[in-house]
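Undergrad: Using only what follows, build the 3D model:
(2 chains)
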Amino acid sequence: MADELLIGAVAYSPNVVPIWEGMRDYFADSDAPMDFVLFSNYERQVDALLTGTVAVAWNTNVAYVRTVRRTGERCRALAMRDSDLTFRTLFVARAGSGLGDLEDLAGRRVALGSRDSAQARILPLHYLAEAGVDAELVLYDSDVGKHGDTGCSDLDALRAVLDDTADAAAVGITTWEALQAGDLAPDAFEVVWTSPDYCHCNFTALDTIEEDRAEKWVTHLLAMSWDDPSHRRILEMEGLKRWVRPQLDGYRSLFTAMQRQNVADGW
Amino acid sequence: MNPHLLLDLAGTLATAPDGGTVSVAARSRTDAELASRWCDRSGNRFVAWHGDHVEIRRGRSPDPLADLPDHLRPGRRVWLYTNFDCNLACSYCCVSSSPRAPRRALGLETIRSVVAQAPAVGARELYLTGGEPFLLPDISAVVEACTAALPTIVLTNGLLFRGARLRVLESLPREQLALQISLDSAAPALHDAQRGLGTHSRALAGIHTAVELGFRVRVAATLGPGHRDEERELHRRCDDLGIPAADRVIRRIARQGEADGGVVVTRAGLIPEVCLTADGVYWHPVAATDPAMRVTDRVLPLADAVDLVTAEFADHRRRGEELVSSFPCA
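TA: Next comes the predicted model:
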């Protein structure tokens, strides 16, 4: 037990359990075995990483930024999903709204999701500010602590658009793609604006983690294959096709946004 | 259309465990169809529309037949009702065969086509039944066609092994062929009551003839729930006849055809055995004249028939109707 690398993850859905049990099983026969601990929110998880309760945290981008800030940059990202490299936020309105760009949202009612969600609140506010757009905000804090992982607040924002209590809503790309609304309900929504790609989750460790141990674990992680049915089941549930080395440029906009918005380092 | 439906689907499924089932309000057929299309695209399974809500299972279901023993997979056994006419009129006959029943023969050419296609669908055994197959003038050609491809079992009452038909029997191959002869009881009373006066002794004679000619003989009894004593006696008789235990089949009376009572069989409650007749493909040979058990009118291509049965069987199991049971006809 003492040799197992302890990974922290947040229980944002019932499927988190089979994902991490599958991961633990996958690593069991490797030279870098692991176990996991589930947290109810990302703040508890970051605390546990900083105190050494867990060696690695499966962090959202907001949790990663908080870890970097709280450790004075004495942490490192180990790996991420391929899907984490191309995360985006979309501003969406009712079809036929005539809204065609961010600037068109000036003076409009814009629905945003949870205050700790990069995709649903922090970055949308950043994009609006960058564009100089002053909008009337309709805010939904539906899943605070989960950093938007549940998608609840994205859906609440979209409901506001359908119910005409908002003119537009910001949603993360995963929620938008899950809806399939563009194909299945083209008369319901249209995309007003799509953000540049940014990065989402990563495995974060303190810089004190033993290099050889971390590398063995990452090497075995990267060896998971979409073509192996037993791996694929886990990859599908976690929303990726392959694990990749971290690319940190994609976090710059969020660092800037959280600094400008004075987003706290904890709750 | 409920404009919130997609949001409700995504939101509700997000809280469900993989493999878990949720309900989402959908009060029109249009909404149900939209939910079904969404499931197809999003990697979830649409289970059913119940008028006011849809039932959805998160994630793709694993193959519901994956844990099924191979020999129970649809198509492993292929049944052919060679004909429906019979020299007997048994009281429980599940397909109402009798001397008065029209022949409705499947036909040698169709059987040859089925046999040619059977290996490709994974068939392991062919079963020829009726009616009484030995009434057919071309039964020898039918059996030869079948045994040339796969192990074959012919179900017969064993009463016709005389004269020209005895010579037909003598000409049949011993390899890949078994004869399943009906014998309902050790003593004549029950057998004769169910199958006709004097038939017990003639069936026994048929068993002896087939055994002496070197055929593998199986014995099949059709019994009601109150016939436990007869079953024990019959096993003793089979011991005397040298019929091994693996070649004895005890069948229950099914509430089909001529039977007044018996086991109720339904598609949802019965492990299918693909059954081909002149009137089409049926779910199982125990119900080969029941319109509710007819799968399709088209016997060929065989793969289509097997696919239809397999898809429906998988659907029953996905819906949790796993209390299905087998009904051994052979």
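
Undergrad: So which bits of the strand or helix carrying residue A:111 are buried?
TA: Following DSSP states H and E, one finds residue A:111 within strand A:109-112. By neighbour count with 16 or more other CB atoms under 10 Å in any protein chain shown, strand A:109-112 contains the buried residues A:109, A:110, A:111, A:112. Yep, even glycine has a C-beta here, placed from its N, CA and C like the rest.

Undergrad: Also stretch A:136-148?
TA: A:138, A:139, A:140, A:141, A:142, A:143, A:144, A:145, A:146, A:147, A:148.

Undergrad: and if you look at stretch B:85-97?
TA: Residues B:85, B:86, B:87, B:88, B:90, B:92, B:93, B:94, B:95, B:96, B:97 are the ones in stretch B:85-97 that count as buried (16+ other CB under 10 Å).

Undergrad: Now do the same contact list for residue A:111.
TA: By CB atoms under 8 Å, 6 or more residues apart in numbering or on different chains, the contact set of residue A:111 is A:137-140, A:156-158, A:160-161, A:165-166, A:168-170.

Undergrad: What's the separation between it and residue A:261?
TA: Residue A:111 sits 18 Å away from residue A:261, going by CB to CB, to the nearest Å.

Undergrad: re earlier: distance between the strand holding residue A:111 and the chain's centre?
TA: Centre-to-centre, strand A:109-112 and its host chain are 20 Å apart (CA atoms, centre = their mean, to the nearest Å).

Undergrad: list the helices and strands whichever helix or strand comes after it packs on?
TA: Counting by DSSP H and E, the element after strand A:109-112 in chain order, helix or strand, is helix A:123-130. Judged by 3 or more CB pairs under 8 Å, 6 or more residues apart in numbering or on different chains; DSSP states H and E, helix A:123-130 is in contact with strand A:89-94, strand A:109-112, helix A:252-260.

Undergrad: Name the residues of helix A:123-130 that are buried.
TA: For helix A:123-130, a neighbour-count test (16+ other CB under 10 Å) marks A:123, A:124, A:125, A:126, A:127, A:128 as buried.

Undergrad: how near is the third one to residue A:157?
TA: Residue A:125 sits 13 Å away from residue A:157, taking CB to CB as the criterion.

Undergrad: any common contacting residues for the two?
TA: Residues touching both residue A:125 and residue A:157 by CB under 8 Å, 6+ apart: residue A:112.

Undergrad: Nearest to chain A: which residue in the stretch 201-330 of chain B?
TA: Nearest to chain A in the stretch 201-330 of chain B, going by CB to the nearest CB, is residue B:318, at a distance of 18.0 Å.

Undergrad: Need the pLDDT of the nearest residue to that residue once chain neighbours are set aside.
TA: Using CB to CB, 6 or more residues apart in numbering or on different chains and skipping the chain neighbours, the partner closest in space to residue B:318 is residue B:64 (4.8 Å). You'll see residue B:64 listed with a pLDDT of 78.

Undergrad: Next, residue B:64: phi, psi?
TA: With angles defined as degrees, to the nearest 10, residue B:64 sits at phi -70, psi -10.

Undergrad: ditto for residue B:252
TA: Here is the backbone geometry of residue B:252 (degrees, to the nearest 10): phi -90, psi 150.

Undergrad: and it, what are its bridge partners?
TA: Beta bridges link residue B:252 to residue B:223, judged by DSSP bridges.

Undergrad: Show the contacting residues for it.
TA: By CB under 8 Å, 6+ apart, the contact set of residue B:252 is B:222, B:223, B:224, B:225, B:262, B:263, B:327.

Undergrad: Now stretch A:226-244: buried residues?
TA: Buried residues in stretch A:226-244, counted by 16+ other CB under 10 Å: A:231, A:233, A:234, A:235, A:236, A:237, A:238, A:240, A:243, A:244.

Undergrad: In space, not sequence, find me the middle residue of chain B.
TA: residue B:284 (2.7 Å; CA atoms, centre = their mean).

Undergrad: How about residues contacting the helix or strand hosting residue A:205?
TA: If you go by DSSP H and E, residue A:205 is part of strand A:202-206. Outside strand A:202-206, the residues that touch it by CB under 8 Å, 6+ apart are A:7, A:49-50, A:52, A:55-59, A:61, A:63-64, A:67, A:71, A:74-80, A:84, A:214, A:218, A:221, A:246.

Undergrad: redo that, cut-off 7 Å
TA: For strand A:202-206, contacts defined as CB atoms under 7 Å, 6 or more residues apart in numbering or on different chains pick out A:49, A:55-59, A:64, A:67, A:71, A:74-80, A:84, A:214, A:246.

Undergrad: now the residues you listed: which count as buried?
TA: For the contacts of strand A:202-206, a neighbour count by 16+ other CB under 10 Å gives the buried set as A:49, A:55-59, A:64, A:67, A:71, A:75-80, A:84, A:214, A:246.

Undergrad: Among the residues you listed, which ones lie close to chain B?
TA: For chain B, no contacts are drawn from these by CB under 7 Å from any CB of the partner chain.

Undergrad: Flag every residue of chain B that's near chain A.
TA: Residues of chain B lying near chain A (CB under 7 Å from any CB): B:3-4, B:6-7, B:10-11, B:14-18, B:34, B:37-38, B:41-42.

Undergrad: Nearest to chain B, out of the buried residues of helix A:123-130: which one, please.
TA: Nearest to chain B out of the buried residues of helix A:123-130 is residue A:124 (CB to the nearest CB; 18.3 Å).

Undergrad: which residues touch that closest one?
TA: With contact taken as CB under 7 Å, 6+ apart, residue A:124 is in contact with A:89, A:112, A:170.

Undergrad: name the element the nearest residue to residue A:39 once chain neighbours are set aside belongs to?
TA: Of all residues not flanking residue A:39 in the chain, residue A:45 sits nearest, at 4.2 Å (CB to CB, 6+ apart). Taking DSSP H and E as the definition, residue A:45 sits inside helix A:42-51.

Undergrad: Mind listing residues that contact that helix?
TA: Residues contacting helix A:42-51 (CB under 7 Å, 6+ apart): A:8, A:10, A:39, A:54, A:57, A:59-60, A:62-63, A:66-67, A:70-71, A:145, A:147, A:204, A:206, A:266-267.

Undergrad: Now it: buried residues?
TA: Across helix A:42-51, burial judged by 16+ other CB under 10 Å covers A:42, A:43, A:44, A:45, A:46, A:47, A:48, A:49, A:50.

Undergrad: about what we covered before: tell me the confidence at the residue of the stretch 201-330 of chain B closest to chain A?
TA: With respect to pLDDT, residue B:318 has a value of 70.

Undergrad: Could you do residue A:186 as well?
TA: 84.

Undergrad: returning to that earlier point: need the buried residues of stretch B:85-97 in a markdown table with secondary structure and pLDDT, can you?
TA: As requested, the buried residues of stretch B:85-97 are exported to a markdown table (DSSP: H, G, I helix; E, B strand; the rest coil; pLDDT from 0 to 100):
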| residue | secondary structure | pLDDT |
| --- | --- | --- |
| B:85 | strand | 97 |
| B:86 | coil | 97 |
| B:87 | coil | 97 |
| B:88 | coil | 96 |
| B:90 | coil | 96 |
| B:92 | coil | 95 |
| B:93 | coil | 97 |
| B:94 | coil | 96 |
| B:95 | coil | 97 |
| B:96 | coil | 97 |
| B:97 | coil | 97 |
